[in-house]
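Undergrad: I'll drop the sequence and a predicted model, then ask my questions.
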Amino acid sequence: MARPDFPRTLAEFQDRFASEEDCRRYLVACRWPDGFSCPRCGARDAYELATRGLLQCGSCRHQASVTAGTVLHRTRVPLRQWFAAAYLITTHTPGFSAAQLQRQLGLGRYETAWTMLQRLRRAMLRPERGRLSGVVEVDEAYVGGVEEGRRGGRQRDSAKSIVVGAVEVRGRGSGRVRLAVVEDLSAASLASFVEAWVEPGSTVLTDGWQGYAPLRRGYDHRPSAVGGDPRNASRLLPRVHRTFSNLKTWLKGTHHGVSAKHLPRYVDEFVFRFNRRRTPMAAFRSLLGLSTQHAPTTRKMLYAAEPTVEGSTALMAIVG
Ligand SMILES: [Zn+2]
């Protein structure tokens, strides 16, 4: 089945998902891309039960759920509102608040918006699958250390957190990204991160820090002997440095700073958005939980879309 284009505008989106029926059809198409086939007897005809999200096999009467494994399972919120919420979060604002969502969707209750947002956000925090490969830049940065609340008298959370990052080199641009908050700059933290997220045998570019020394086993490790001047590091490892700077801008601009305690969650969300910046449809489906039953986004899909956009422009495309 050819993948449909992702709607480019809100109007297109509304046309495509104009009714509950449209949304249901889309769910069925995601679940059974080649048409319904009964998981029990293989029959290909089914009818929908009055209960939302259940199809009953026309021959053996087996009931198959359309929404199992998705955020839409057992929810009373209309599908259209879920779809709209996922669309908004995919395409527009990085840090949608529950109040914004409530207003945008015209929901009666704040709690409904809050719950939806929680569910959608959880989908973003699912760990990324697959390890980076090819040529990968790795470095670490201090992030955070901003005030926690704006009410007077709150103490400042002055401790910076350490974020380690890996970015695939794709021509002059960047491929996929992995980021993690780590305890310290030891080999146990840094080399372990690389081992967890970069395919063995890949070429790994780092600075000369000893925390990366263990990578000479298992990788084509190319440490560069740069001095203490951080400007050298950003010249030698431009992609990972750009990623850190985008992350910091995003945390500051959109979320007005994030405390160390909550940083890992935001870092995960950043990675989710960054890695799907050119495949909004994949992001949309991931958010709704519709991609879990199928093959994960392939590299081809990730890189097919457009020529690489550099730096902050690329980020603005996903978060702006
Ligand atoms: Zn059947």
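TA: Happy to help now that I have it. Not measured: the values here are computed from a predicted model.

Undergrad: which SS state does the residue most central in space within the chain fall under?
TA: With distances taken as C-alpha atoms, centre = their mean, the residue of the chain nearest its centroid is residue 272 (1.6 Å). Here residue 272 is helix, with the state taken from DSSP: H, G, I helix; E, B strand; the rest coil.

Undergrad: same deal with residue 164?
TA: Recorded secondary structure, residue 164: strand (three-state DSSP).

Undergrad: What separation is there between it and residue 185?
TA: Note on residue 164: its distance to residue 185, by C-beta to C-beta, to the nearest Å, is 9 Å. (Glycine included, C-beta is placed from N, CA and C.)

Undergrad: For the protein, which segments count as helices?
TA: In the chain, helices defined by DSSP state H lie at 10-16, 20-31, 79-91, 98-105, 110-125, 187-197, 230-236, 238-253, 263-275, 280-288, 299-304, 311-319, listed in chain order.

Undergrad: If you count contacts, what does the fifth one end up packed against?
TA: Contact analysis of helix 110-125 by 3 or more C-beta pairs under 8 Å, 6 or more residues apart in numbering; DSSP states H and E lists helix 79-91, helix 98-105, helix 263-275, helix 280-288 as its packing neighbours.

Undergrad: hey, C-alpha coordinates of the third one in CSV?
TA: Only the C-alpha atoms of helix 263-275 are listed here, as CSV (Å, rounded to 0.1, in the frame of the first residue of the first chain):
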residue,chain,number,x,y,z
LEU,A,263,15.4,16.9,31.9
PRO,A,264,15.5,13.2,30.8
ARG,A,265,11.9,13.4,29.8
TYR,A,266,12.4,16.5,27.7
VAL,A,267,15.6,15.1,26.2
ASP,A,268,13.6,12.1,25.0
GLU,A,269,10.9,14.3,23.5
PHE,A,270,13.5,16.3,21.7
VAL,A,271,15.0,13.2,20.2
PHE,A,272,11.6,11.9,19.2
ARG,A,273,10.9,15.2,17.4
PHE,A,274,14.3,15.6,15.8
ASN,A,275,14.4,12.0,14.4
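
Undergrad: picking that back up, overlap in contacts of residue 164 and residue 185?
TA: Residues touching both residue 164 and residue 185 (C-beta atoms under 8 Å, 6 or more residues apart in numbering): residue 140.

Undergrad: Compare these two (neighbour count), which wins?
TA: residue 164 (25 against 15; other C-beta atoms under 10 Å).

Undergrad: What separation is there between the closest residue to the more buried one other than its chain neighbours and residue 50?
TA: Nearest residue to residue 164, sequence neighbours excluded (C-beta to C-beta, 6 or more residues apart in numbering): residue 140, at 4.3 Å. According to C-beta to C-beta, residue 140 and residue 50 sit 55 Å apart.

Undergrad: shouldn't the residue nearest to residue 164 be in contact with residue 182?
TA: Yes: judged on C-beta atoms under 8 Å, residue 140 makes contact with residue 182 at a distance of 7.3 Å.

Undergrad: right, and residue 44 touches residue 55 too?
TA: No: applying C-beta under 8 Å as the test, residue 44 and residue 55 come out as separate, 11.4 Å apart.

Undergrad: what sits in contact with each of the two?
TA: By C-beta under 8 Å, 6+ apart, residue 44 and residue 55 have these common neighbours: residue 36.

Undergrad: Which of these two has more residues huddled nearby?
TA: Shown here are residue 44 and residue 55; by other C-beta under 10 Å, residue 55 has more neighbours (21 against 14).

Undergrad: which one is that one nearest to, not counting chain neighbours?
TA: Using C-beta to C-beta, 6+ apart and skipping residues adjacent in sequence, the residue nearest residue 55 is residue 46, 4.3 Å away.

Undergrad: same thing with residue 20?
TA: Nearest non-adjacent residue to residue 20, counting by C-beta to C-beta, 6+ apart: residue 79, 5.4 Å away.

Undergrad: I'd like to know how far that neighbour sits from residue 118.
TA: Separation of residue 79 from residue 118 (C-beta to C-beta) stands at 18 Å.

Undergrad: what do you get for residue 106?
TA: Plainly put, residue 106 is 19 Å away from residue 118 if you go by C-beta to C-beta.

Undergrad: what residues does this structure put near the ion?
TA: Applying C-beta under 5 Å from the ion, we find that the chain lies next to the ion at 38, 40-41, 43, 57, 59-60, 62.

Undergrad: redo that, cut-off 8 Å
TA: Proximity of the chain to the ion, by C-beta under 8 Å from the ion, involves residues 38-43, 57-62.

Undergrad: so for stretch 87-100, what's the average pLDDT?
TA: Average pLDDT, stretch 87-100: 77.

Undergrad: Also stretch 282-294?
TA: 74.

Undergrad: Equivalent analysis for stretch 198-213, please.
TA: Averaged across stretch 198-213, pLDDT comes to 95.

Undergrad: try stretch 246-263
TA: 82.

Undergrad: Settle this for me: residue 174 is touching residue 241, isn't it.
TA: No: using C-beta under 8 Å, residue 174 makes no contact with residue 241, being 10.8 Å away.
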